[in-house]
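Peer 1: sequence first, predicted model second:
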Amino acid sequence: MKTYSLHPESIRNLFDNIASTYDLLNHLLSFGRDSYWRRTAVREFCEDKGWILDVATGTGDVAIEIIRQDGLRKRVFGLDFSEPMLQKARKKLLKKDLFQTVVLGLGDALSLPFRENTFSGTMMAFGLRNVVKKEQAISEMVRVVRPGGKVVILEFTFPEKGLMRWLYPIYFQKVLPRVGGWISGDRGAYAYLPQSVLQFRYAEEYEGLMKKSKLTNVRSRPLTGGVVSIISGEKGTNDPPILSC
């Protein structure tokens, strides 16, 4: 069985290896809730227009959802460090005829290849847990966002109350790795997933990183009993805060 660690080259190899079954397993292992999670997180940009940066875009589902919700006012730059994942994203964009509204490129979340204040908002979905220097990645997202713009993180978290608090760890640590490993053919990749989430279990930990990066109005919202959370903040400005829809 292959083993993976929280090291950039190891994580890149992981996503290169599972790119072909990534979408199928996202839908299957989340019982179809992954589409709802992305859809809800993207609504954080409901008041924005212009370019949105999707960091760790993967196979492009967040970028496509942004355009689906408001393609008349928005454009998306999707950035990822895995070429096989981007190849999957390009096929989706071609099928949906979205190459005029979504641009894809290879890049590193720790050193975004953009000038300061370039985007009206930026998002990372299910990617921050795979970054060793999480605070640096968030700081880079803040740097490239215009004053008043939002930084949004969508990430796996652990439920803190209710029945899900007891059931979810069993599923996440026992069932998910076996099913994911069987379908993808890479048991190590889906054994790594629970390990990566255990390092940062709760939304409050992400909130702390965002506050350290000087974001204001930092808040989190649990989804599906807390198995994932949306954590958002705004880049400081003298203008009135952005209102949520």
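Peer 2: Everything's here; your move. Numbering: from 1, shown residues only.

Peer 1: how long is stretch 115-133 end to end?
Peer 2: Stretch 115-133 has an end-to-end distance of 20 Å (Cα to Cα, to the nearest Å).

Peer 1: start at 353 instead
Peer 2: With 353 as the first residue, the last one maps to stretch 467-485.

Peer 1: any idea how far Glu492 is from the nearest residue to Leu575 once chain neighbours are set aside?
Peer 2: Take Leu575 and drop its neighbours on the chain: the residue closest to it by Cβ to Cβ, 6 or more residues apart in numbering is Trp389, 5.6 Å away. (Each C-beta comes from the backbone N, C-alpha and C, glycine too.) Distance, Trp389 to Glu492, by Cβ to Cβ, to the nearest Å: 23 Å.

Peer 1: which residues of this protein fall in helices?
Peer 2: With DSSP state H as the criterion, the chain has helices at 360-370, 374-381, 386-394, 413-422, 435-448, 486-495, 516-522, 528-536, 539-550, 555-564.

Peer 1: okay, which residue is most central for the chain?
Peer 2: Ala477 (0.9 Å; Cα atoms, centre = their mean).

Peer 1: identify the residues contacting that one.
Peer 2: Trp389, Arg390, Ala393, Asp406, Ala408, Gly410, Asp413, Val414, Ile505, Leu506, Glu507 (Cβ atoms under 8 Å, 6 or more residues apart in numbering).

Peer 1: reformat those residues as a markdown table; add distance to Leu381 and neighbour count.
Peer 2: Shown next, in a markdown table, are these (distance: Cβ to Cβ, whole Å; neighbours: other Cβ atoms under 10 Å):
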| residue | distance to Leu381 | neighbour count |
| --- | --- | --- |
| Trp389 | 12 | 23 |
| Arg390 | 15 | 22 |
| Ala393 | 18 | 26 |
| Asp406 | 22 | 30 |
| Ala408 | 18 | 23 |
| Gly410 | 15 | 23 |
| Asp413 | 15 | 24 |
| Val414 | 18 | 27 |
| Ile505 | 20 | 29 |
| Leu506 | 16 | 25 |
| Glu507 | 16 | 24 |
